[in-house]
Structures are given as C-alpha cells and as structure tokens.
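# Structure, please.
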Amino acid sequence: MTTGETHAVRAVAAGPGAPQPNRSPGAIVRLARLYAASRRIPAAVTAIAACALGLRLALTAHWDSYGALQLPLVFETAAATAITATAASPFGEPERLTGRWLPYLRLAATLALTAVAAGALAAAGTGTHLAGGTLDVLRNLAGITGLGLLCAAAISGGLAWIGPVAYLIPGLYALYTQWHHPALTTPWLWPGRPPHDLGAAICAGLVFAAGVAAITVRGARDVVSEPA
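Down below sits the predicted model:
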C-alpha cells in the first residue's frame, strides 16, 4: 500500500471512535482528492478520453451499416468499464464498514464519471454520422455502467468488467438482427432499440439507478487479504 493510499484509508475510513473530521472546504477537497487517488479516478478519466478519441477517429472512416451501428457500442462499453473499475476498493471490508463519507464519495464519483463519459462520447460524435446520436450514447452508457456497478457490488470491484463485456455480446447481436430477422425487440436489449424508444430508456435507467444505489450504499464486494 502506498503512502497516499494509507492517508486515504485513514481519512475516508475513520472509525466510529475517531475524532470528528474537519469539515472545512479545504478538508473536504483533500478528502475527495485522496478518495480519487485511491480509486484511480484520474486513470479512469484518461481511459474515457481515450475511448472518446478512438470513437472520433473511427467515425472519420467509412463503415458499412453493421460497423456504423456496432462500433459506437464498443466504445460506450469500454467507457462504462472504465467507470465501474473505480468501484474497486484497495482496502476491502474495513473501509466499507467504517467509512463515514464513503456513500457520498461513491455517489459523487460515479455520477461525475458517467457525466464526463457521456459528454466526451457525445462530443466525439459531433459533426459526424454517429448512429443513434446523443440519446443513444446516454442510454447505452448509463445502462451498461449500471450493469458493471451491480457486478461490483455482487461479485467484486476487480470483476466489475464482466457485466459490461458480457452484455456487449447480446447487444451487438441485437443490432445485427435488425438486418437478419427475427429482430430482437425486448427493451432489456436497449442497444438494439431506436434512440427515442421509451421502454428501452426506462430499462437502461432502471439498471443504472439500481447499480448506483447498490454501489453507493454497499460499495464493491472487495476482500483484501492481510499480509502474513
């Protein structure tokens, strides 16, 4: 554990018997900075920026109908995976049990990263033929991020990528069936639905809300083994 991570766990996971934390603006900013460092949030932002850049470069090429629809979903899944990776805790159960500020920090970090990813991916498609447009990006990113957060809470933060990657396969297939019937029309496979489809938006929103709630209240199911 690095020195920064040691300071982070002491600040974020103060026990019930510890003195009341300094609630000055400077102390809150420092706490947020330490939390971001412990969750590798700067690395996640870099990964999201790389996804947006990759999408932008990809959209400058000429693709057939399959690629034009399926390629954005790949980058949206990659960005969602970067977001959910920050749910992993380097401190495990002690932090989850004693952290006073953790629910607020988890919620703020998750919503902020999702907003950054949505804005970056939408900006990458500006002026190009982005299939589905901004609404499709928002819906797909939110729903897939929710799947990753649910995996983090149920399995572990280190395996949160399983949800987004596993969902990518049926999502791509749902897009494929638009040319090869019978088409998959269930709103739970929202990537295959039109951007303005209300049912698909509701399903993606419900998954995102459930994931955010699970990770905010409980956190990732991480167990860190003690050194021998």
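# do you know how far Pro164 is from Gly146?
10 Å (C-beta to C-beta, to the nearest Å). C-beta: built from backbone N, CA, C; applies to glycine.
# more neighbours, those two?
A side-by-side neighbour count of Pro164 and Gly146, using other C-beta atoms under 10 Å, places Gly146 first with 30 against 27.
# contacts for the host helix or strand of Ala209?
Taking DSSP states H and E as the definition, Ala209 sits inside helix 198-217. Helix 198-217 is touched from outside by 87, 103, 106-107, 110-111, 114, 135, 139-140, 142-143, 145-150, 152-154, 187-188, 190, 193-194, with contacts defined as C-beta atoms under 8 Å, 6 or more residues apart in numbering.
# Let me know whether Pro90 touches Ser38 as I believe.
Yes: the pair Pro90 and Ser38 passes the contact test of C-beta atoms under 8 Å, sitting 5.8 Å apart.
# who has more neighbours, the two?
Summary of the neighbour comparison: Pro90 and Ser38, criterion other C-beta under 10 Å, with Ser38 having more neighbours (26 against 16).
# Please report how far that one lies from Asp222.
Looking at Ser38 against Asp222, where the rule is C-beta to C-beta, the gap reads 12 Å.
# Output the below-cut-off pLDDT ranges for this protein.
Scanning the chain for pLDDT under 70 picks out 1-27, 64-67, 91-99, 223-228.
# residue closest to the middle of it?
A centroid search over the chain (C-alpha atoms, centre = their mean) returns Ile83, at 3.1 Å, as the residue closest to the centre.
# So which bits of the helix or strand hosting Ala52 are buried?
In this structure, Ala52 sits in helix 41-59 according to DSSP H and E. Within helix 41-59, the residues that count as buried by 16 or more other C-beta atoms under 10 Å are 41, 44-45, 47-49, 51-52, 54-56, 58-59.
# still on that earlier bit, can I get the helix holding Ala209 in PDB, CA atoms only?
Listed in PDB are the C-alpha atoms of helix 198-217, where the atom choice follows Å, rounded to 0.1, in the frame of the first residue of the first chain:
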ATOM      1  CA  LEU A 198     -39.200   4.900 -24.200                       C
ATOM      2  CA  GLY A 199     -39.200   1.300 -22.900                       C
ATOM      3  CA  ALA A 200     -35.500   0.900 -23.700                       C
ATOM      4  CA  ALA A 201     -34.700   4.100 -22.000                       C
ATOM      5  CA  ILE A 202     -36.700   3.100 -18.900                       C
ATOM      6  CA  CYS A 203     -34.900  -0.300 -18.700                       C
ATOM      7  CA  ALA A 204     -31.500   1.300 -19.100                       C
ATOM      8  CA  GLY A 205     -32.400   3.900 -16.500                       C
ATOM      9  CA  LEU A 206     -33.600   1.300 -14.000                       C
ATOM     10  CA  VAL A 207     -30.400  -0.700 -14.300                       C
ATOM     11  CA  PHE A 208     -28.300   2.400 -13.900                       C
ATOM     12  CA  ALA A 209     -30.300   3.500 -10.800                       C
ATOM     13  CA  ALA A 210     -30.000   0.100  -9.300                       C
ATOM     14  CA  GLY A 211     -26.300   0.000  -9.900                       C
ATOM     15  CA  VAL A 212     -25.700   3.500  -8.400                       C
ATOM     16  CA  ALA A 213     -27.800   2.600  -5.400                       C
ATOM     17  CA  ALA A 214     -26.000  -0.600  -4.800                       C
ATOM     18  CA  ILE A 215     -22.500   0.800  -5.100                       C
ATOM     19  CA  THR A 216     -23.500   3.900  -3.000                       C
ATOM     20  CA  VAL A 217     -25.000   2.000  -0.100                       C
END
